[in-house]
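Q: structure for the following, please:
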Amino acid sequence: MAATHSTNPRIPKLVLVTDRHATGGRDLVWVVEQALGAGLPAVQLRDKDLPGRELFELAERLRGATRRAGALLFVNDRVDVARAVGADGVQLGAATLPVDVARALLPPGTLVGESTHTLDEIRDTHADFVVFGPVYDTPSKRAYGPPQRDRLRDAVAASPVPLVAIGGIEPAHLATMQAAGVHGVAVIRAILAASDPAVATRALLAMH
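A: Next comes the predicted model:
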């Protein structure tokens with residue numbers, strides 16, 4: 001994907017967002033490792049339903065896997081877990097800490113992403129990048145409103161920072177994403193539910 005903004009080169013163009021319930025019974029870390037082996041540049045630990053200790057233990061396993069692969073690890077919302085495992089960044093939602101507060105609690109150089117669903121949220125961001133969606137219908141994002149594919153170009157134009165699209169994105173959608181000018185994409189089931197996570201990852205990287 002071609003970025004439309006000057007950007008920190010560390011901001012990834014493909015992010016795998018975790019959901020251990022989407023792997024078809026396979027071990028989540030094993031699936032992630034298959035994707036990392038195929039060149040996946042970043043993982044976002046999302047599994048919000050896990051208790052703190054289990055989330056930390058999963059974060060430690062993913063930190064090891066991403067380090068071995070030279071990839072980035074982001075932790076969703078939990079600044080404390082991100083600090084504890086030495087994550088590369090955090091992904092913040094509207095109901096969590098403000099970006100500036102989280103940044104003050106994190107080591108210098110830690111990337112901060114912000115999940116957004118409206119153009120006003122995008123314009124007001126102080127994050128290093130925004131994640132915008134849902135672009136297409138997907139079970140994990142239905143609580144955040146209807147699909148916003150028709151607003152994607154406007155979202156990119158409104159954003160002062162690189163924009164990563166999320167929500168039901170498959171390899172067949174990548175030409176549309178590229179035409180809209182997004183920096184990159186974030187996916188869940190497109191990799192986690194794939195019969196071959198490595199093949200799925202390569203397909204998603206092919207447009208870059």
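
Q: tell me which stretches of this structure form helices.
A: 28-37, 52-69, 79-85, 99-105, 119-123, 152-158, 174-180, 189-192, 197-205 (DSSP state H).

Q: just name the most buried of the ones you listed.
A: helix 189-192 (a mean of 24; mean count of other CB atoms under 10 Å). Quick note: C-beta positions are derived from backbone N, CA and C, even for glycine.

Q: what's next to that one, contact-wise?
A: With contacts defined as CB atoms under 8 Å, 6 or more residues apart in numbering, helix 189-192 is touched by 16, 18-19, 22-23, 28, 31, 35, 40, 138, 169-171, 197, 200-201, 204.

Q: next: stretch 40-54.
A: Applying CB under 8 Å, 6+ apart, the set of residues contacting stretch 40-54 is 12-20, 28, 32, 36, 55, 58-59, 62, 65-66, 69, 71-78, 81, 87-88, 91, 186, 188, 191, 201, 205.

Q: among the helices of the chain, which gets the worst mean confidence?
A: For those, mean pLDDT drops lowest on helix 174-180, to a mean of 93.

Q: for that one, name the packing helices and strands.
A: helix 152-158 (3 or more CB pairs under 8 Å, 6 or more residues apart in numbering; DSSP states H and E).

Q: for the helix it packs on, packing partners?
A: Right, helix 152-158 is packed against helix 119-123, strand 163-166, helix 174-180 by 3+ CB pairs under 8 Å, 6+ apart.

Q: output that helix as PDB, nothing but the C-alphas.
A: The C-alpha coordinates for helix 152-158 follow below in PDB (Å, rounded to 0.1, in the frame of the first residue of the first chain):
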ATOM      1  CA  LEU A 152     -12.600   5.200   3.200                       C
ATOM      2  CA  ARG A 153     -11.200   7.800   0.800                       C
ATOM      3  CA  ASP A 154     -12.600  10.600   3.000                       C
ATOM      4  CA  ALA A 155     -11.000   9.000   6.000                       C
ATOM      5  CA  VAL A 156      -7.600   8.900   4.400                       C
ATOM      6  CA  ALA A 157      -7.900  12.500   3.300                       C
ATOM      7  CA  ALA A 158      -8.900  13.600   6.800                       C
END
